[in-house]
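**Student:** make a model of this:
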Amino acid sequence: MAKPNSRFDFEQATQVTKQLVNQMPSWLRLSFIRSWVFWAIITLGISGGLVYLALGLLLNPKAVPNCPEIFVPMSSASLRVYCGQLAASKQTLKDLVSALNLVKDVAPNDPTRGYIDSNVQRWSLAILRLAEATYQEGNYDEAVNAAKKVPKNIPAYKIVSKRLGQWQETWTKGVALDKETRALLNSSKWVNAYSVAVKLTHLNNRYWATTKYQELADLVQIAKADSGKLDEARQLLKNNPSVKSLLTAVEMANKIDPKSFAHTEAQTIVSTAAKQMLKLARVKLDKRDWKGALEIANQTPDATETKTEVQDLISFAEAQSHSESGSISELETSISLVQSIKANSPLYLRSQQAAGTWQREIQDLATLQHARSLASTGTVVDLQAAITEVQRIPGNNPRGKEAAGVATDWRKQIETVQDTPYLRTAETLAASGTVQGVQQAIAQLNQIRPGRALYAQAQAKSKQWTAEIQRAQDAPILQQAESLAATGDLRGAIAMAQRIGAGRALSPQRDEKVGDWQAQLQAANNLAAAQKLADTGTPESLLGAIKAAARVPKSSSLRAQARLAMDNWGSQMLEVAQSTATSDLRRAIAIAKAIPENTSSYGAAQNLIQQWQMQLTPPVSPSPSPSNGDSNNGVLGN
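**Tutor:** Alright, predicted model coming up:
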């Protein structure tokens, strides 16, 4: 046990303790409140309650409180803390403020007050961090409003207050530098303006140091480039510029601020470009490219010197465009458009000439409409009257070609009406199916003269019916030829088939069959010739027989017989080579080499050739002498 300090004044300590107790609130001077046992029980109660709540939430998910629906005044401090932590975990300004509001009314003497205060401190600093990020993004008012959500009665508010002061100071400097930079830009002091803008990069704010600085730096660069733009625009106006380059020059000039010293010069460039674009539009107009002329004219910038002429050109081009549709209403619109062109306009004479042409075209259209109305009945009399009507339109009139075209169509229609009875009568006669009926039908078709509307149709039917007659006449001949061929009399079949004349309906079939029969005859001849060669039995004659048999077409019925004969003759050549090998290896090798690949003996011949060549190879000597080679290799005659 430690000994008491001899210098400690117990009496004095007792007096001081009494004074402190007397100064405490009356409820704290109760004896049980000052007892450590009381506070131990309180502490255990709070801890146990929180543990019980946590275990309850873990073991019974259905018991999890619905924080958004709790009634705060009637909720326990522990539940408020729980819901506050749940809201604060989302780390959004709204949820952090909601967490603070949940615990702000907890009594100062509540046992959980210390735990709440530590959470309030943490949540407030989280709000400050979110506000700082907002401030750095350039949203000053939003950041200030967010930071002011932190309660003023907590220790963290000192940090917030200090940070608000820093923000205000930095923001004020940024606004001042921005204003000064813009003032220097208005004075065309590019270098000074840029020097002031650079100071923004030293501010402790990402928005001012990056975004706003870059914005002002870009403005400085744009201001410096204004005069350069005008120089480039002038260059684009030289040397027969295109529409694209002229529009680029206009675009550059229009980008000059109206308050700029170069605005008047920029307008001069615009006026010059307008004149040159008008010139290009006239070229398109002269080439009857109405769409191209309108496209250029509509893009031509407004300029006092060219405004009226551009409008006249647009009116004339639109009138030409409307006139191409060919309707009376559109032509009337075209005439109306050119009437707005005054006598002092360069396009006045052309517009008057065009209006006269369109007026004649309107008259031609009226004539064509009347003629078409007459022709609509389809009778020969009305069609002839319609032709007479359109013949009043001169060939050099705007609708002269159209009038000639419809007149031709109506003449064909008259011819169709007149010749259709011949066609119908012919079809009736041909329907009998007899040769005589078809011949009479063809005679009817021949009444339709060349050049008339139904002539081609009549000739097609005549050709069709003639072919039917020819097939009926020649089919027995072809059938008889096929019968002869079936008995093996190919020559007789060919002679019979050739009785069908060239150009008749069945001549293509005749030619095909005759060609097949001739090929069969040739195959038989080739096979017979091959057999005759093979009868001598010499290697040379056997080889010739194989080559002759190989010419029998694969499509021939004798191909299998030829194939069998070729294999047989190849085997005979191999036998001759083997019998010759006993007395003359070189001669045997030559015979074996001559056996064609398309015979069944080819493989065996190649094996024997290797064996016999090995027998002919002389032994290796220390001093080999040059070889003259085998002069008889592959020669059958040796």
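
**Student:** now for residue 255: which residues touch it?
**Tutor:** The neighbourhood of residue 255, defined by C-beta atoms under 8 Å, 6 or more residues apart in numbering, consists of residue 229. All C-beta atoms are positioned from the backbone trio N, CA, C, and that covers glycine.

**Student:** which strand or helix spans residue 368?
**Tutor:** For residue 368, the element it lies in under DSSP states H and E is helix 348-375.

**Student:** now the very next helix or strand once past that helix: buried residues?
**Tutor:** Next along the chain after helix 348-375, taking DSSP H and E as the criterion, comes helix 380-390. Neighbour-count burial for helix 380-390, counted by 16 or more other C-beta atoms under 10 Å, picks out 382, 383, 386, 387, 389, 390.

**Student:** may I see the buried residues of the following helix or strand past helix 380-390?
**Tutor:** Going down the chain from helix 380-390, the next helix or strand is helix 400-430, by DSSP H and E. By neighbour count with 16+ other C-beta under 10 Å, helix 400-430 contains the buried residues 402-403, 406-407, 410, 413-415, 419, 422-423, 425-426, 429-430.

**Student:** re the thing from before, out of the buried residues of helix 380-390, the closest to residue 355 would be?
**Tutor:** residue 390 (24.0 Å; C-beta to C-beta).

**Student:** let me know the pLDDT of the closest one.
**Tutor:** For residue 390, the pLDDT comes out at 82.

**Student:** do residue 68 as well
**Tutor:** So, for residue 68, pLDDT stands at 56.

**Student:** show me where the stretch 101-250 of the chain has its helices.
**Tutor:** With helices called from DSSP state H, counting those that start in this stretch, the stretch 101-250 of the chain shows them at 113-136, 140-147, 156-186, 190-198, 206, 213-236, 243-254.

**Student:** deepest-packed of the ones you listed, please.
**Tutor:** Ranked by mean neighbour count, these are led by helix 243-254 with a mean of 20 (mean count of other C-beta atoms under 10 Å).

**Student:** can you list contacts of that one?
**Tutor:** Counting by C-beta under 8 Å, 6+ apart, 229-230, 232-234, 236-237, 241, 266-267, 269-270, 273-274, 276-277, 280, 296, 299, 301 sit against helix 243-254.

**Student:** let me see the domain layout of this protein.
**Tutor:** Following automatic domain parsing, the chain resolves into domains at 34-186, 237-346, 506-616.

**Student:** quick one: which of the ones you listed is nearest residue 196?
**Tutor:** Here domain 34-186 is closest among these (C-beta to C-beta), at 4.8 Å.

**Student:** per-residue pLDDT, the residue nearest the centre of the chain?
**Tutor:** The structure's the chain has its C-alpha centroid closest to residue 244; by C-alpha atoms, centre = their mean the separation is 27.4 Å. In this prediction, residue 244 carries a pLDDT score of 88.

**Student:** cool, and the one 5 residues further on?
**Tutor:** Among the per-residue scores, residue 249 holds a pLDDT of 86.

**Student:** where does the prediction get shaky in the protein?
**Tutor:** 1-125, 152-153, 155-157, 186-188, 227, 259-265, 555, 618-638 (pLDDT under 70).

**Student:** contacts for stretch 591-606, please.
**Tutor:** 539, 543, 546-547, 550, 566-567, 569-571, 573-574, 576-577, 580, 608-609, 612, 633-634, 636.

**Student:** what residues sit buried inside that stretch?
**Tutor:** For stretch 591-606, burial by neighbour count (16+ other C-beta under 10 Å) applies to 591, 592, 594, 595, 596, 599, 601, 604, 605.

**Student:** then stretch 537-547?
**Tutor:** Those would be 539, 541, 542, 543, 544, 545, 546, for stretch 537-547 by 16+ other C-beta under 10 Å.

**Student:** so can I have a markdown table of those showing distance to residue 559?
**Tutor:** Output for the buried residues of stretch 537-547, formatted as a markdown table (distance: C-beta to C-beta, whole Å):
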| residue | distance to residue 559 |
| --- | --- |
| 539 | 25 |
| 541 | 22 |
| 542 | 20 |
| 543 | 20 |
| 544 | 19 |
| 545 | 16 |
| 546 | 14 |
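
**Student:** just curious, which of those residues is nearest to residue 378?
**Tutor:** residue 546 (78.0 Å).

**Student:** just say helix, strand or coil for the closest one.
**Tutor:** Assigned state for residue 546: helix (three-state reduction, DSSP: H, G, I helix; E, B strand; the rest coil).

**Student:** could I get the domains of the chain as TSV with distance to residue 498?
**Tutor:** Output for those, formatted as TSV (distance: least, C-beta to C-beta, whole Å):
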stretch	distance to residue 498
domain 34-186	102
domain 237-346	63
domain 506-616	7
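
**Student:** looking at those domains, which is closest to residue 453?
**Tutor:** Using C-beta to C-beta, these put domain 237-346 closest to residue 453, at 26.8 Å.

**Student:** can I get the CA coordinates of the host helix or strand of residue 566 in PDB?
**Tutor:** Assigned by DSSP H and E, residue 566 belongs to helix 559-581. Coordinates of each C-alpha in helix 559-581 appear next as PDB, following Å, rounded to 0.1, in the frame of the first residue of the first chain:
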ATOM      1  CA  ARG A 559     -15.500 -46.300-122.600                       C
ATOM      2  CA  ALA A 560     -15.600 -49.300-120.100                       C
ATOM      3  CA  GLN A 561     -14.600 -51.700-122.900                       C
ATOM      4  CA  ALA A 562     -11.800 -49.300-123.900                       C
ATOM      5  CA  ARG A 563     -10.600 -49.100-120.300                       C
ATOM      6  CA  LEU A 564     -10.500 -52.800-120.000                       C
ATOM      7  CA  ALA A 565      -8.500 -53.200-123.200                       C
ATOM      8  CA  MET A 566      -6.000 -50.500-122.100                       C
ATOM      9  CA  ASP A 567      -5.300 -52.400-118.900                       C
ATOM     10  CA  ASN A 568      -4.900 -55.700-120.800                       C
ATOM     11  CA  TRP A 569      -2.500 -54.200-123.300                       C
ATOM     12  CA  GLY A 570      -0.500 -52.500-120.500                       C
ATOM     13  CA  SER A 571      -0.200 -56.000-118.900                       C
ATOM     14  CA  GLN A 572       1.100 -57.400-122.200                       C
ATOM     15  CA  MET A 573       3.700 -54.700-122.400                       C
ATOM     16  CA  LEU A 574       4.800 -55.500-118.800                       C
ATOM     17  CA  GLU A 575       5.100 -59.200-119.800                       C
ATOM     18  CA  VAL A 576       7.200 -58.400-122.800                       C
ATOM     19  CA  ALA A 577       9.500 -56.200-120.600                       C
ATOM     20  CA  GLN A 578       9.900 -59.000-118.100                       C
ATOM     21  CA  SER A 579      10.700 -61.600-120.800                       C
ATOM     22  CA  THR A 580      13.200 -59.100-122.400                       C
ATOM     23  CA  ALA A 581      14.900 -58.500-119.000                       C
END
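
**Student:** hmm, who's touching it?
**Tutor:** Residues contacting helix 559-581 (C-beta under 8 Å, 6+ apart): 523, 526-527, 530-531, 534, 537-539, 542-543, 545-546, 549-550, 552-553, 556, 587-589, 591-592, 594-596, 598-602, 604-605, 608, 612.
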